[in-house]
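> got a predicted model here, sequence first, then my questions.
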Amino acid sequence: MSLKATIKQLLPNSWILKRQRMKAAIQLRKDVRTDRRRFAKAYAAPACVSQTQMESLLIFFVHQIEKGFSFDEYQFGRGKGALRNIADLSARLRIADADWRNNPVYRDAVLALGEYLRRHLSAGHDTTYMTSLFDVEMLNDIERASKRNYPCIELSKNDKLDNADVPFHELVERRHAIRSYSEQPVTRAELEEAITLSLRTPSVCNRQPARVRIFTDAKQISNALKIQGGFGGYDTPPVLMLVTADLQAFMGSNERNEGYVDGGLFSMSLLYALESCGLAACPLNTMFSQETDRKTRELLHIPENEVFIMYISVGHFRETSRICRSQRFGLDRILMN
């Protein structure tokens, strides 16, 4: 028997466990520092310099403009902060990307800004603030875009009637984030059917950390979304689902982020399941600060051993629904080798 094994036999088991916990805690601190350092170097901070960072920020602010096109009543003058950021980022992107005119992010920004300009001019609203932000070259692009038909997407409820029977590739193409719903109540049975379909989602070593909560009280949903901050301009949804991951399912520092992976997998399964069951849904981020995390846990009674993955607002489809265009990258931007 080795000396190490002999010492282990002599020491109390409680002491060995305590030492193992101390080693695990030290390793976790090291790994978290590495995570923080890596993220701090790479994330799209306001003063970012890389093309990918600029594009990410530009997509974020353009999405704010696009969301306005899906409101039941368009809010003229909305999005001045987003316009200011789009102007700055577009100018910087044109310096960073030699082929900026063919950049899909720039083109999508111009399309959205063209529709923004067209709507304001058609309704007789002053556009001086917007036009003062952009240089002549980009303003010309925006004005040309304003004279073209914006590729809005309108979905019909009738197109969803056979969702349960279509091939998966067609279901994937059909699914869109829907933020406005009909007045038809959503039953518990409908929601449980979708969740049951999602139970086949893979997870690390089949430990299945995903947890789902269903909220139907309008006041509670409204308060939760007010804290979340990303549902302004839309009516309170009839159902709000919350997906979390239970950290008690994981072992060791190397699995510290696995809850987000497994929770994300489960959430995507759930979104497809809701679509297949004929329910409209929209994923809503839960990227909370410490303060919003605390408020949400208090409001919804979420224990500290669970991490937030996402909200999903759910309802029945309206007869027709306007949605954000949300253009996707092509395969050439995603496939890396």
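All right, it came through fine.

> helices of this structure, residue ranges please.
Under the criterion DSSP state H, the chain contains helices at 3-10, 13-42, 51-68, 80-96, 104-122, 128-131, 136-146, 168-174, 188-198, 218-228, 258-276, 290-300, 331-334.

> of all those helices, which lies closest to C324?
C324 lies closest to helix 51-68 among the helices of the chain, at 4.6 Å (CB to CB). For every residue, glycine as well, the C-beta is placed using N, CA and C.

> buried ones in that closest one?
51, 53-55, 57-59, 61-62, 64-68 (16 or more other CB atoms under 10 Å).

> angle of that helix against helix 104-122?
Inter-element angle recorded for helix 51-68 and helix 104-122: 30 degrees (by axes from the mean of the first three to the mean of the last three CA atoms, to 10 degrees).

> what does helix 51-68 rub up against?
43-46, 48, 74-75, 78-79, 82-83, 85-86, 89-90, 92-93, 96-97, 103, 105-106, 108-109, 112-113, 116, 179, 233, 324-326 (CB atoms under 8 Å, 6 or more residues apart in numbering).

> now it - C-alpha only, PDB.
Extracted in PDB, the C-alpha atoms of helix 51-68 (Å, rounded to 0.1, in the frame of the first residue of the first chain):
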ATOM      1  CA  GLN A  51     -15.600  44.400 -36.300                       C
ATOM      2  CA  THR A  52     -17.500  41.500 -34.700                       C
ATOM      3  CA  GLN A  53     -18.000  43.600 -31.500                       C
ATOM      4  CA  MET A  54     -19.300  46.600 -33.500                       C
ATOM      5  CA  GLU A  55     -21.700  44.300 -35.500                       C
ATOM      6  CA  SER A  56     -23.000  42.800 -32.300                       C
ATOM      7  CA  LEU A  57     -23.800  46.200 -30.800                       C
ATOM      8  CA  LEU A  58     -25.300  47.400 -34.100                       C
ATOM      9  CA  ILE A  59     -27.600  44.400 -34.300                       C
ATOM     10  CA  PHE A  60     -28.700  45.100 -30.700                       C
ATOM     11  CA  PHE A  61     -29.700  48.700 -31.400                       C
ATOM     12  CA  VAL A  62     -31.200  48.000 -34.800                       C
ATOM     13  CA  HIS A  63     -33.400  45.300 -33.100                       C
ATOM     14  CA  GLN A  64     -34.800  48.000 -30.900                       C
ATOM     15  CA  ILE A  65     -35.900  50.000 -34.000                       C
ATOM     16  CA  GLU A  66     -37.300  46.800 -35.600                       C
ATOM     17  CA  LYS A  67     -39.400  45.900 -32.500                       C
ATOM     18  CA  GLY A  68     -41.300  49.100 -32.900                       C
END
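
> starting at the chain centroid, how far to that helix?
13 Å (CA atoms, centre = their mean, to the nearest Å).

> how does this structure divide up, domain by domain?
51-151, 155-322 (automatic domain parsing).

> start and end of the last one, how far apart?
Read it as domain 155-322. 7 Å (CA to CA, to the nearest Å).

> mean confidence score for that domain?
Across domain 155-322, the average pLDDT comes to 97.

> so how far is it from its chain's centroid?
With CA atoms, centre = their mean, you get 11 Å for domain 155-322.

> tell me the one of the buried residues of helix 51-68 nearest P237?
P237 has its nearest neighbour among these in K67, at 15.0 Å by CB to CB.

> picking up where we left off before, please render the buried residues of helix 51-68 as TSV that adds distance to M138 to the earlier fields.
Output for these, formatted as TSV (distance: CB to CB, whole Å):
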residue	distance to M138
Q51	17
Q53	20
M54	14
E55	16
L57	16
L58	12
I59	17
F61	14
V62	13
Q64	18
I65	15
E66	18
K67	22
G68	20
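
> want to throw the residues you listed into a markdown table with distance to S289 and pLDDT?
Shown next, in a markdown table, are these (distance: CB to CB, whole Å; pLDDT from 0 to 100):
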| residue | distance to S289 | pLDDT |
| --- | --- | --- |
| Q51 | 28 | 96 |
| Q53 | 21 | 97 |
| M54 | 24 | 97 |
| E55 | 25 | 97 |
| L57 | 19 | 97 |
| L58 | 23 | 97 |
| I59 | 22 | 97 |
| F61 | 20 | 97 |
| V62 | 24 | 96 |
| Q64 | 19 | 94 |
| I65 | 24 | 95 |
| E66 | 25 | 94 |
| K67 | 22 | 92 |
| G68 | 25 | 92 |
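
> now, the most widely separated pair of these?
Greatest spatial distance among those (CB to CB): Q51 and G68, at 26.7 Å.

> looking at the domains of the chain, which is nearest to Q20?
Among the domains of the chain, domain 155-322 sits nearest to Q20 (CB to CB), with 10.3 Å.

> so who does N103 touch?
With CB under 8 Å, 6+ apart, N103 has these contacts: 55, 93, 97.

> distance check, R256 against A24.
Distance, R256 to A24, using CB to CB, to the nearest Å: 11 Å.
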